[in-house]
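Undergrad: Below is the structure, and that's it, no one-letter string:
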């Protein structure tokens, strides 16, 4: 493991209904459009016939670093908007207060 000096912001993508009842098996689109220096961690996905589909509640976590929290936040949300699956939800306030300070 190697620590980075830059701040990071992570946003979790979940299906509608989570943490209660939700559907699975929806194709995940846009993973090929994510910036190469942004990390996408798969938690509730699986590969079916060569396609990534949802298979659980916390489907994906998108993480980005930046020179400041504000920059990391802008980068992560820019990349989150490139990813889509049916009824996808995510919080829009992650690191909002921290980004206000820089």
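TA: Sure thing, it's come through. Worth saying up front: this structure is predicted, and the values here are computed from it rather than measured. Numbers count the residues shown, from 1 in each chain.

Undergrad: For residue 72, what are phi and psi?
TA: With angles defined as degrees, to the nearest 10, residue 72 sits at phi -60, psi -40.

Undergrad: Touching, it and residue 79? I think so.
TA: No. When contacts are counted by Cβ atoms under 8 Å, residue 72 is not listed as touching residue 79 (10.9 Å). In this view, the C-beta of every residue, glycine as well, is placed from N, C-alpha and C.

Undergrad: Identify the contacts common to those two.
TA: Common contact partners of residue 72 and residue 79 (Cβ atoms under 8 Å, 6 or more residues apart in numbering): residue 64.

Undergrad: contact partners of the helix or strand encompassing residue 71?
TA: Assigned by DSSP states H and E, residue 71 belongs to helix 69-80. Under the contact criterion Cβ under 8 Å, 6+ apart, helix 69-80 has outside partners 6-11, 13, 34-35, 38, 62-66, 90, 92, 94-96, 98-102.

Undergrad: Repeat that for stretch 20-37.
TA: Applying Cβ under 8 Å, 6+ apart, the contact partners of stretch 20-37 are 14-17, 40, 44-45, 48, 51-57, 59-60, 62, 64-65, 75, 79, 82-87.
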